[in-house]
Every structure is written in C-alpha cells, then in structure tokens.
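In: Need coordinates for the following:
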Amino acid sequence: MPVGFYILIQFNDTKRRTENKPVCLHENVVEWDDRIQLPSDPSAKVQLSVCASFEFSPMLGSGEILRTVEICVGDLLDNTHLFTFSPTEREPLSPCSSLLITMERQRSHKSGTASDHDEDFGWEVSSELAQITDQGHNALLRYRDDPRKENVAVSVGHFEHALSICPDGHRCYAAALCNLAMAHFINCQIDRGPVELSTAISYYREALKLRHVCHPDRPATLLHLAEVLLYRYGKLGFEDFPGEIMELTSEVQINCSADSHERRAADLALQTYTIYKAISSGSLVDIEKLIPALRQSVQHIPYEHFDKLQRLTNLGLALRICYELGGDLGDLDDSIATHEEAMQSIPCHHPYEPVLLTNLGVLFLGRFGQSGDHEDLSRSISLIEDAIRCTPHHHFDYAIRLTSLGNALLTRFQLLDDKEDLSRSTSVLEIAAWLTAQHPPNHPAACYTPWSNPPMFPVTPPTFPVTPPIHPAAWHTPWSHPPNLPAASPTTPWLTPSPHLAPRLPPPHHPAARLTLPDNPVALPTQSYHPERPAVLVILAVSRFTQFYELDSQCDLNSAISTMDEALQLTPSGHFARPRMLSILSAFYFARFEISCDLADLDNSIFNIQEAIGLVPRGHFGRPKMVTALRSLVLIRLQMFDWAVDCDKSIGILEEIVQTTHDNDPSKPSSFAHLGTLFFIRFQQLNDLRDLDKAISTLKATLQLAIRRQLDPFELLMRLGVLFRVRFDKAGEVGDLERSVESIEDALALAPSGTESRSLFDAPEDPVSTF
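Out: Next up is the predicted model:
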C-alpha cells in the first residue's frame, strides 16, 4: 500500500527528489513546487521517474518506480513539457496518466541547487540497508507480475537481511519491521499458513509501538495490522484480542481527514469486519440490518475509486449470506447482479477478474440448487473454467478454483448421472488436495488443463437414514468468511469416539488451546499447509462419499471419512465451518453403520453431531436439523441396542436439547415428545413413579407447544390418556382416570375432522409397544 508519491530526477550521476506527498480521494492532480537545478548543457540527459513510497518519513529505499521518461535538457526549455503515460500490458489502469514539468532559466547558481528534501536522500537510496530493501521490494513486484512463491521467498530473505543489519533504535527500524511483516503476510497467503501469519502480526505490532501517535506512518501501520488481523479472523475464525480490529480502524478514522485514502481504507476494513461479525452470529436479522448501509456505500462512488470493487464484493457477500440463511431467491439474484456489476467495473485481465468469475460461478451453482435451471448449472461450470484459464498453474488460488470446478461437476453428475462428470470431479479434487498438501513439490497441474472463493459444502446433515447422494449445492458458505460461532452450552457428556477416530484435541500451540488467555498472544500451529486445504478436503470427501453410493465401494466411504477427519484436524475449534463439517462426518459414519452395524460407527456419528450442536448458538438456522439428526440417532441406538444402559444418557441429551432450544424452533415439539417417551421407558424399567410424572408433565408441555404451533394434537392427547391410565393403575388416584377419559375424548373429537395427523414421533419408529 503506497503512502505517498514523489518525483526522482537523475542526471550526471546525481539524484534529486521532490517532497513525498500523499494523495487525497478527490484529487486528480498532485502538485510539487520543489525547485531542482538541472545541468546547463542542453544535450545533458535527464531521467524523470514517478515513484510510490511505502513510508513518509524516514523513507527506506526508493519505493516503487511507476513511470520513467528520459529527455534532454534542451527539449525542456520551452517552459512546460507534458508527458503522457498509458497502461502497460500487465496493468488494468495506469497508476500515473501524465506528468507536467515547468522549466525556469537562471543565470546564476545561487539558488535552487537542490530540493529541501535531498538532505537524507543519498543515504536513503545508497546505503546497504536501503539497497537490500529495494531488492526485497523488487522481488515482491516480480511476484505481482509473475505470482511464483519463489519471488516471495526471495523477498522474505532480503527483508530478513535488512532487519538483521538494522540496529534497535535505528530511525528506519520500524520500516524494516513493516517490510518483513508484509512479506510474511503475502507468504502465509501462498502456502505457509498460520505460522507466517503469526509472525506478520508480531512484527506489525512491534512497529506500531515504535511509531507514536503523531508519527506520519502510524496510520498506514494501523491499517496494515488491521488487514492482517481481519484476514486471520476470516480464515481461522478467532481474535486473540476481541475488538482490536475496531480499535485500530477507529484510531485511523479519528486522526485522518475524511478525504484521505487512509480514512477510506479504515471505513472499508470496519465495514468488512462488521459483516464478518454478523455472519458469525448466524442470524438473518443481523445480516439484513447491514444491507441498506452496504447498498448506500456503493452508490455515488466512481468506479475508479480504489474501494469501489471491495464494497461491491461486500454487498454481494452479505446478500449471498441472506439468501443462505433466509432462502429468499431475490437475495441470491441481487448478489449475482452485484457481482456482475463488479465484473463490469474492471477491465479485461484485471487481477481480480478470476476471483469474480469464481464467485459468480459459485452463485449460479447455488441458484441452480434452488431453481433447477440447467442454464444456471452450465453457466456456473463455464465461469469457473474461465477463472481457471485465467489462473497460472503455480498461483496460490489455483487449487481453490479446481475445487469449485470439482464441486460444480459433482452437482452436474447428480443431475444427469453422467459417470464422466463424477470421475472428472474426483480427479480434479484429488489434484487440488494434492496441491494443498504440506510442502508440495512442483505439481503435475502444469500439464493438466481442466475444462475464492472457497467451495460450497452442505451446511446441515442429511436426513437419517442417509439417502444418496448429498447435494453439495443445497447450502453453501464461503470458506473465506469469518468467524467463530459463539458456543452454546456444552452438550451432555455421553459418548466418546472410538479408538480408531483420531482425537481432535488442540495441540499445545493450537489457537484453541489458549483462547481463554486473552492477555497473551495466541500461538498458532506450526504445520505448513495451504490455508484453504480444509475446504478442498471437505468437497473431496463429499465426492468420495458420492462415489461410494454409485460404486457400492466401502473403500470410498472409508476414504471419505478419513478425508473429512483430516479437514477437521486442520480447522481451528472456533472456526465457523466446523459445525457443518462435523454434521457431514456424522452422516458418513451413520452410512457406514448401516452397512457394518458396528456400534463404534453409530457412536462416532452421535459424537460428531453432538459436538456440532455444542458449537452453534441457539437460534442458529442450522441448529434444528442438527438437533433432529441427533434425536434420531439417539433413538436408533436405543431401539437397536441395550435400552437399560443407554436410556439415562439419552434422556440427558434430550433434556439438554429441550432446554437449549427456543420455543419457536421447529424441532422443539418433537424433541419434547420423544423425551416424554424416554421417561416412560425408564418408568417401565425401574417402576419409579417419578419418571411417569415426568413423562406426563413433558407431554403436557408438548401439547401446549403443539397448540400454539397449530399442530394436530390428536396423537399427543391419546398418549396422555394412556399415561394417565397407567398412573391410575399404579397409584389409584381417581383424578388420573378422569383425566385419561377426558384426554381420549378430546382426541376422538378431533378424529372426524379429516385432517391428516402430523406425528411428532416421526423417526425412528416408536419402540414402545404400550403406546
């Protein structure tokens, strides 16, 4: 992020520069009034360079040279001279469109011999520290034009060398720290993961301490640190110091003028952070509240403004999440339209073009999942293929776009049942998984031409028993979306995973291990892998699961389970996607249980869905289906195995489900009803009237809830009548007999209505013969 611009003038082995000046949002012209004396010889060559600096004061190195022209002094003697520049082949827009120079003849050498800003310029560009810094920046510029990670590695090496020769207390020490932090941040986005990210954060924090409140480079440092923290929040889903991003951006907002680029960048970072927080809540209401402000933020902003594209992207993201939470196709259509507007706002070959193409492909795939329009599916695949063609094979996002393509091909297979699509999908996904593995060598994708947004994967578990195949387009959430879901109260301890399931407890240096210690920096895992590898593995697991159903190969099912479990081990415990991944893994284990009848698989299925429920807050849109799945699994286990052993544990789970579920949750009446059933089962086992009392009170509460929901109470009334009669037989209280008769009469009065009864005891089949 350049902070200022200056003109570098070179002639006769002499270098001079103008003042390093910032540019405000509404300024199309930067004016320098520096007086720099040129040689008197008309044939002398003068080189003029427009440069962008990465610091205001003191500068370290020469920054980035944007444009350079060479002219003779004699050609400048017509008082003014205008140079115009066009974009280069690799540039979507010219960073400098023209340069106007005014010449003034002098007959003496008493004034204007040098600019006032030349005092330290010789040291800034000629010292060993400056030269090594320039080499590091040049390596990063090569990476921008040719995104090979070797260029970033070279940059890191140069910046590390620069920092090692820059003593503590040196006036450029903070600049050296920021340069190295920037290189580590770019490196972590390529393939080094959390280790590089933690290093970048620590260097930026150290630099910020050295740049006091009035330091000219403090706003840029605040923004760089906020950017890295925002990236980590989006990728890993947690904050070691909650609210730090808001504090950093707020300081920039307070201390920078409204028309400065720094203030605008801070506003954009805060807007993105607010969206991430709303997404993490899983609340449709929270997201919908942001939409009007997001729409307003993209209006009346010229397309050439640096933040227009990101604001359109933020609006498109928020609309997409609104659709996913609320199911309103209008929100999805608006999201597509917003992304198409973003596409129209950029020229061809813009660096962001592949990202927008992938986003649009994923959105069209989501719309196909709702509309069933084959044109949407075809367009989705075409857009993602275009994105892949625009992406070099060694690019950081190449594997992610392969994953999106594999997901779209898998969806088309489920529609057309073309085995070639399934085979191609699995091949593409396996290559993507291989590319994202730890320390991949030169990958074979260079000779593979398949015809970030992260891929889509199911949010909620399929209905139990599992019916093939899982539709990956049913729900989708971008992996790059942030954030940790506030944990609900932990579920009742019950089942532990079988020994063959690798434990997922956080290692000592895992972020989850220290989330409760906000006073200390979070130590991140030391393994090196592509940060999007978990998302790739999720889609690959779903693809292998689909192959299992098509080919009836348990090997594919075992592979799907191991792949999903690896994805979970690479995903921090607070990450927003973890509950959905656990739900899918639960479904995989249940599918294997249906084949093997191995109790360990059923227990693992219950364990994973139970853990998923514990990670989502009450009122989250995905919670009801998870609760339904857990309830079904618990009852299946009771029905097939030892009632006496598991009844107490099952009651504990269902009691917590009922207590932690809102009354307006659609799954609550059925959970209540099954809890009453289990109390009655335990009464039959132990002959304890307290269990019978609990069964009656639970069914009464269920009846009241069913009436408020306008559900058919026939079955509940009949069961209550039976329970009152059982208690009368045991305790001999006449009132119970009267209540039994009354309940059954009320139920029979409803029978002739012809309304089909909607059973609250849906799945599995009720095991209680007495009922």
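
In: For residue 581, give me its contacts.
Out: 457, 534, 538, 564, 567-568, 571 (CB atoms under 8 Å, 6 or more residues apart in numbering). C-betas here are computed from N, CA, C, even on glycine.

In: Need the per-residue pLDDT for it.
Out: Residue 581 is assigned a pLDDT of 93 by the prediction.

In: Likewise for the one 4 residues further on?
Out: If you check residue 585, the pLDDT there is 95.

In: repeat for residue 1
Out: 63.

In: what's the answer for residue 53, then?
Out: At residue 53, pLDDT is 88.

In: That one reaches residue 20, doesn't it?
Out: Yes: with contact defined as CB atoms under 8 Å, residue 53 reaches residue 20; the gap is 5.1 Å.

In: picking up where we left off before, out of the contacts of residue 581, which one sits closest to residue 429?
Out: Using CB to CB, residue 538 is the member of those that sits closest to residue 429, with 9.9 Å.

In: quick one: which helix or strand includes the closest one?
Out: Secondary structure assigned from DSSP states H and E places residue 538 in helix 533-551.

In: Beyond that helix, next helix or strand please.
Out: helix 554-569.

In: helices or strands next to that following helix in the packing?
Out: helix 533-551, helix 578-596 (3 or more CB pairs under 8 Å, 6 or more residues apart in numbering; DSSP states H and E).

In: Make a markdown table out of the ones you listed and add distance to residue 675.
Out: Shown next, in a markdown table, are those (distance: least, CB to CB, whole Å):
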| stretch | distance to residue 675 |
| --- | --- |
| helix 533-551 | 32 |
| helix 578-596 | 21 |
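
In: now the angle between helix 578-596 and the helix holding residue 538, please.
Out: Helix 533-551 runs at 30 degrees relative to helix 578-596, counting by axes from the mean of the first three to the mean of the last three CA atoms, to 10 degrees.

In: What average pLDDT does helix 533-551 get?
Out: 90.

In: Ok, stretch 427-439 next?
Out: 83.

In: right, and residue 10 touches residue 51 too?
Out: No: counting by CB under 8 Å, residue 10 stays clear of residue 51, with 11.3 Å between them.

In: Now do the helix or strand hosting residue 368: which elements does it pack against?
Out: For residue 368, the element it lies in under DSSP H and E is helix 353-371. For helix 353-371, the packing partners by 3+ CB pairs under 8 Å, 6+ apart come out as helix 308-326, helix 329-344, helix 374-389, helix 398-416.

In: Which one, of those helices, ends up nearest to residue 713?
Out: helix 308-326 (29.8 Å).

In: Provide the angle between the direction of that closest one and the direction of helix 353-371.
Out: Using the same axes, to 10 degrees: helix 308-326 against helix 353-371 is 20 degrees.

In: How about helix 308-326, which residues are buried there?
Out: Across helix 308-326, burial judged by 16 or more other CB atoms under 10 Å covers 308-325.

In: and the angle from it to helix 329-344?
Out: Going by the same axes, to 10 degrees, helix 308-326 makes 160 degrees with helix 329-344.

In: what packs against helix 308-326?
Out: helix 261-281, helix 284-298, helix 329-344, helix 353-371.

In: Apply 7 Å and report the result again.
Out: Secondary-structure packing of helix 308-326 (3 or more CB pairs under 7 Å, 6 or more residues apart in numbering; DSSP states H and E): helix 261-281, helix 284-298, helix 329-344.

In: Would you mind finding the most buried of these?
Out: Ranked by mean neighbour count under mean count of other CB atoms under 10 Å, these are led by helix 261-281, which reaches a mean of 21.
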